[in-house]
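S.K.: build me a structure from this.
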Amino acid sequence: MTSTRLETQAADAFVPEPDAATLWVERMARRFYRSPDDVRDLVSRTVGLMDPGSDAQTDADYRLRVLRIMRGLVLDRCAFDRELG
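M.R.: A predicted model of the protein is given here:
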């Protein structure tokens with residue numbers, strides 16, 4: 001059986017430039033937090049954990065990786081806040 005799946009998808013075959021990527025990460029961070037300080041902290045921590053040489057071959061791959069990292073950071077903070085509160 002042969003596969004009809006294309007190896008690369010032209011419309012989605014790029015990883016965003018760092019500036020555009022950071023802006024997108026910031027927009028996603030605002031969905032989790034309202035405080036500008038919290039948003040700034042989450043963005044810097046997420047971007048710091050993103051591997052620049054990652055194997056993200058498409059924009060969608062990159063965004064999924066970022067969201068996984070961000071989700072982990074938010075869940076860690078929620079657990080920490082519960083321990084304190």
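S.K.: got the buried residues for the helix or strand of the chain with the lowest mean pLDDT?
M.R.: Every helix and strand of the chain was ranked by mean pLDDT, DSSP states H and E. The lowest is helix 18-32, at a mean of 82. For helix 18-32, burial by neighbour count (16 or more other C-beta atoms under 10 Å) applies to A21, T22, W24, V25, E26, M28, A29. From N, CA and C alone the C-beta is placed, and that goes for glycine too.
S.K.: do the same with stretch 50-66
M.R.: Within stretch 50-66, the residues that count as buried by 16+ other C-beta under 10 Å are M50, A56, D59, Y62, R63, R65, V66.
S.K.: what pLDDT, on average, does it get?
M.R.: Mean pLDDT, stretch 50-66: 77.
S.K.: span of it from start to end?
M.R.: Using C-alpha to C-alpha, to the nearest Å, the end-to-end distance of stretch 50-66 comes out at 7 Å.
S.K.: ditto for stretch 49-64
M.R.: Chord length of stretch 49-64, first to last residue, is 14 Å (C-alpha to C-alpha).
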